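Chemist: here are the coordinates; sequence isn't available:
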């Protein structure tokens, strides 16, 4: 028996492909949730009402300070005890999105606080509404500089998707493991899965860099 | 003074335990040009920032164009203004800042169009025509598609003046608008302000360290010291024959420094 047998690779590919689709879908949907919800968290944190901003800060801290796996278990296994039954896919992606939203919101916050206070003053002096100031003045300056760090979370989230296997979602790594278990042969499937993770991460980081470059040019920053 | 454009009535501003302005009373007539001078920390910039509603006041009332700015009338009583009232009244005021505060991601033209479009509801073509006209007035027609980063300090400040004027304010506030400029660029900005003073019906409040400009341009000079107006009067009188010892000390220190 050789160390590497290509026939196992070909046999594993269909499964890995199916798992890969799940992994990519989970990453993209989960990160879309994280981006939008993270921004909402960050804006709530900026509320002038200190009870609201304080509550938001505590919530973010709480989400960041407990393990992702625990949060997924909580929603998926503890929820039904109280009559809250959420399908695995929804629960998994939802929790992944919310968990990373907490991290993204800290990125957004850094970006928002980096914008010069004079920009708010000019917006007030010109009588722009608060919503308009956020949308047209503050966020276009706050977001482009933080795209690289948001991108890190994108890749981080991608690498966290195997955690979904814990609630029986057949993502790529779980498919690789199952294939290995059925055939008593792990090396090919696990290696190829690793190769896919690597390729996806590299592609994603290139995309992030281009988006960052494009945004900075679009908004003439630096 | 009857029917002033701006009235500060016993206005007090505190930061924590520090009283920056103590029961300030100040009336500014329509079209009057008032220069505000004084040492740093004397509260002069705070006067402008309160009028622009960038700072909340801790006591008193500010009136603009015959109506309260910081307060609104409710059942015959003055209560602190809500955001809606503030937005309506502060539309009469425009401000130019020491550090320009241009929007860096917008061209000069777009900087001047944003508020007329989104606040006054002007159609794009009209906002653009107005912005172009004002940029021409400040001598920057050829820079209208430039971004702030591509302009000199003096040019940026002239765009900022055009941007404020695009809202057709009745009162214009200038907060040390030449302090961040290289010396050779101060003149072009002051020229624009001079031109505004002669060609437009504007009430102007100018916080400045340019004593020569204050003397030549203003109808009245207010010397602030320690949160109060220590002395005020026509520039000739105040600069040539100050009554207050503090004024004299300040002026001699400033003039000595050149």
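Modeler: It's in. From a predicted model like this one, the values you see are computed outputs, not experimental measurements.
Chemist: what residues are up against the spatially most central residue of chain A?
Modeler: Against the mean C-alpha coordinate of chain A, by CA atoms, centre = their mean, the closest residue is residue A:31 at 3.6 Å. Contact analysis of residue A:31 by CB atoms under 8 Å, 6 or more residues apart in numbering or on different chains lists A:97, A:100, A:153-154, A:157. All C-beta atoms are positioned from the backbone trio N, CA, C, and that covers glycine.
Chemist: Residue B:41 is in what secondary structure piece?
Modeler: In the assignment (DSSP states H and E), residue B:41 maps to no helix and no strand.
Chemist: Next: the one 4 residues further on.
Modeler: For residue B:45, the host element (DSSP H and E) is helix B:44-51.
Chemist: who does that helix touch, helix- and strand-wise?
Modeler: Helix B:44-51 is packed against strand B:6-15, strand B:18-28, strand B:33-37, strand B:59-64, strand B:171-175, strand B:203-207, with contacts defined by 3 or more CB pairs under 8 Å, 6 or more residues apart in numbering or on different chains; DSSP states H and E.
Chemist: Could you export these as CSV, including distance to residue B:139, mean pLDDT and mean neighbour count?
Modeler: Below are the helices and strands packed on helix B:44-51 laid out as CSV (distance: least, CB to CB, whole Å; pLDDT from 0 to 100; neighbours: other CB atoms under 10 Å in any protein chain shown):
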stretch, distance to residue B:139, mean pLDDT, mean neighbour count
strand B:6-15, 29, 96, 18
strand B:18-28, 28, 94, 18
strand B:33-37, 21, 97, 26
strand B:59-64, 30, 96, 19
strand B:171-175, 17, 97, 24
strand B:203-207, 19, 97, 24
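Chemist: nearest to residue A:122, of the ones you listed?
Modeler: strand B:171-175 (11.6 Å; CB to CB).
Chemist: what's the angle between the helix holding residue B:45 and strand B:59-64?
Modeler: For helix B:44-51 against strand B:59-64, the angle by axes from the mean of the first three to the mean of the last three CA atoms, to 10 degrees is 70 degrees.
Chemist: Within range of chain B, give me the residues from chain A.
Modeler: When proximity is defined as CB under 8 Å from any CB of the partner chain, chain A approaches chain B at A:116, A:118-119, A:121-122, A:124-129, A:132, A:136-137, A:140-141, A:219-221.
Chemist: hmm, 6 Å instead?
Modeler: A:118, A:121-122, A:125-127, A:132, A:137, A:140, A:219-220 (CB under 6 Å from any CB of the partner chain).
Chemist: where does the stretch 101-250 of chain B come near chain A, residue by residue?
Modeler: Checking the stretch 101-250 of chain B against chain A by CB under 6 Å from any CB, the hits are B:101, B:103, B:105, B:115, B:118-119, B:147.
Chemist: quick one, what contacts residue A:77?
Modeler: By CB atoms under 6 Å, 6 or more residues apart in numbering or on different chains, the contact set of residue A:77 is empty.
Chemist: Distance of it relative to residue B:27?
Modeler: 72 Å (CB to CB, to the nearest Å).
Chemist: What subset of the residues of chain A next to chain B is buried?
Modeler: Among those, those classed as buried by 16 or more other CB atoms under 10 Å in any protein chain shown are A:121-122, A:125-127, A:132, A:137, A:140, A:219-220.
Chemist: now the contacts of residue A:31 as JSON lines including distance to residue B:95, neighbour count and pLDDT?
Modeler: Rendered in JSON lines, the data for those read as follows (distance: CB to CB, whole Å; neighbours: other CB atoms under 10 Å in any protein chain shown; pLDDT from 0 to 100):
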{"residue": "A:97", "distance to residue B:95": "42", "neighbour count": "22", "pLDDT": "97"}
{"residue": "A:100", "distance to residue B:95": "41", "neighbour count": "26", "pLDDT": "97"}
{"residue": "A:153", "distance to residue B:95": "39", "neighbour count": "20", "pLDDT": "95"}
{"residue": "A:154", "distance to residue B:95": "41", "neighbour count": "23", "pLDDT": "95"}
{"residue": "A:157", "distance to residue B:95": "44", "neighbour count": "22", "pLDDT": "95"}
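Chemist: and those residues as JSON lines, adding distance to residue B:188 and secondary structure?
Modeler: Listed next are the contacts of residue A:31 as JSON lines, based on distance: CB to CB, whole Å; DSSP: H, G, I helix; E, B strand; the rest coil:
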{"residue": "A:97", "distance to residue B:188": "53", "secondary structure": "helix"}
{"residue": "A:100", "distance to residue B:188": "50", "secondary structure": "helix"}
{"residue": "A:153", "distance to residue B:188": "47", "secondary structure": "helix"}
{"residue": "A:154", "distance to residue B:188": "47", "secondary structure": "helix"}
{"residue": "A:157", "distance to residue B:188": "52", "secondary structure": "helix"}
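Chemist: how about low-confidence regions in chain A?
Modeler: Across chain A, the ranges flagged by pLDDT under 70 are A:1, A:222.
Chemist: if we can go back for a sec, among the buried ones among the residues of chain A next to chain B, which ones are in helices?
Modeler: Using DSSP state H to define helices, the subset of these located there is A:121-122, A:125, A:132, A:140.
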